[in-house]
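Visitor: Could you look at this predicted model? Sequence included:
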Amino acid sequence: MKAIVMTGVGGPEVLVAQDVTVPHPGPGELVIRAEAIPVLFPETKLRSGEFPMPAEPPVVFGFQAAGVVVEIGDGVDTALLGRRVAVATMGFGSYAEFVCAPAAAATAIPDALSSVDAAAVLMDGSVALPLLATAALTGTETVLIEAAATGVGSALTQLAKEFGAARVIATAGGPEKSARALALGADTVIDHNAPDWPNRLRESLDGTTLDVVFDSIGGTTARDLLTAMTPVRGRILSYGWLSGAPAQISTTDLLPNGLTLTACAGPAWLAEVSRCGTAALDRAATGTLAPQVDSVLSLDEAANAHQLIEQRSPIGKIVLRP
Ligand SMILES: NC(=O)c1ccc[n+]([C@@H]2O[C@H](COP(=O)([O-])OP(=O)(O)OC[C@H]3O[C@@H](n4cnc5c(N)ncnc54)[C@H](OP(=O)(O)O)[C@@H]3O)[C@@H](O)[C@H]2O)c1
């Protein structure tokens, strides 16, 4: 079968199309014929070596795929054969025509949802839902959603009011992505490409404060936001580090105003994310969470897709179709 092999750690060019052996499922596993493979932002960090890879290259790359179950291993429900599912692999093996994954990590795709849309929404929705549950918004609060035009931020922006945000302030890079964040439901958008954006945010708050920050940018700007937060109730949900480092905040920074930082990461968090996959796909099928698809490219174009993501040009997911 054709697959995209990560031949080493480095630039997009390490992702090379090769013929490899079709995988067969072990006990508790299934194999799908892939119809849609999302290219995920964190995957670009794995490929470049900024995140540790769970397997040594050369290895078939990729985390998620959606498609039809064609083979099951011992102990797997036979009713899954022929069903469309979205799967998460053990960290590799999804940029391929056939993908092997644990059956426990397979989420049934509702009939009303295309495989492309399922692939596009799975991660964004299943991360946004536990973030919103953790935020426990009261109905009167103001939230800040960073990088709101794409990825997890786009799902947070669509869902925040339903989950109890009264005002949604978003950040996005440039006019096109700012317009997208507004279309997704933000009340105000600040362009985070401007280095002094936390000051612009403070101006837009006009004396009010932020109750919740969904922090995907991290780094030192996270600390710049603390003085704009509601004393005692203000909470930061730190789930990403687009800037290259997690929020650079210590208890010394949080203490003066009694703020809280919750780290939304680690195995227990990811188990919760995985549990939310069904809810994310159901929402997409019923129209309460719109999948954001930038483009559908052929599997051969995986390296190009990584390059586009690194240039920050897609507005929505790039989905590969074998
Ligand atoms: N904890 C979890 O469970 C979890 C799960 C998934 C992802 N994550 C993390 O959450 C963050 C967002 O992931 P995602 O998949 O939602 O990303 P994404 O939105 O699909 O893509 C990244 C976008 O972030 C914006 N951005 C802002 N600052 C950036 C910077 N310094 N470098 C690159 N891009 C920047 C860019 O849009 P603009 O053009 O608008 O700037 C870019 O298009 C990542 O750090 C990811 O690793 C965490």
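Guide: Noted; the coordinates are in hand.

Visitor: Surely residue 36 touches residue 320?
Guide: Yes: here residue 36 reaches residue 320: they are 7.4 Å apart, a contact under Cβ atoms under 8 Å. All C-beta atoms are positioned from the backbone trio N, CA, C, and that covers glycine.

Visitor: Now list whatever residues contact both of those two.
Guide: Jointly contacting residue 36 and residue 320 under the rule Cβ atoms under 8 Å, 6 or more residues apart in numbering are residue 296.

Visitor: longest helix of this structure?
Guide: Using DSSP state H, we find that the single longest helix of the chain is helix 115-135.

Visitor: Next one: it, is it in contact with the ligand?
Guide: Yes: Helix 115-135 is in contact with the ligand by Cβ under 6 Å from any ligand atom, via 123, 127.

Visitor: Using CSV, list the CA coordinates for that helix.
Guide: Provided in CSV are the C-alpha atoms of helix 115-135 (Å, rounded to 0.1, in the frame of the first residue of the first chain):
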residue,chain,number,x,y,z
SER,A,115,-15.3,11.0,6.6
VAL,A,116,-13.6,14.3,5.7
ASP,A,117,-15.7,16.3,8.1
ALA,A,118,-15.2,13.6,10.8
ALA,A,119,-11.4,13.7,10.3
ALA,A,120,-11.4,17.5,10.4
VAL,A,121,-13.5,17.9,13.6
LEU,A,122,-12.4,15.0,15.7
MET,A,123,-9.4,16.6,17.5
ASP,A,124,-10.8,20.1,17.6
GLY,A,125,-14.1,19.1,19.1
SER,A,126,-12.8,16.5,21.5
VAL,A,127,-10.3,18.9,23.0
ALA,A,128,-12.7,21.9,23.1
LEU,A,129,-15.4,19.9,25.0
PRO,A,130,-13.3,19.0,28.1
LEU,A,131,-11.7,22.5,28.1
LEU,A,132,-15.2,24.0,28.3
ALA,A,133,-16.3,21.5,30.9
THR,A,134,-13.2,22.4,33.0
ALA,A,135,-13.8,26.1,32.6
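
Visitor: Give me the next element, helix or strand, following that helix.
Guide: Tracing the chain past helix 115-135, the next element assigned as helix or strand by DSSP states H and E is strand 141-145.

Visitor: On the C-terminal side of that next one, identify the next helix or strand.
Guide: helix 151-159.

Visitor: And the contacts of the next helix or strand after that next one?
Guide: Next along the chain after helix 151-159, taking DSSP H and E as the criterion, comes strand 165-172. With Cβ under 8 Å, 6+ apart as the test, strand 165-172 has contacts from 137, 139-149, 153, 157, 160-161, 178, 180-182, 184-192, 197, 201, 204-205, 210, 212, 217.

Visitor: now stretch 262-278
Guide: Contacting residues not belonging to stretch 262-278 are listed as 86, 88, 105, 107-108, 122, 125-127, 129-131, 134, 235-239, 246 [Cβ under 8 Å, 6+ apart].

Visitor: filter those residues to the buried ones?
Guide: 86, 88, 105, 107-108, 122, 125-127, 129-131, 134, 235-239, 246 (16 or more other Cβ atoms under 10 Å).
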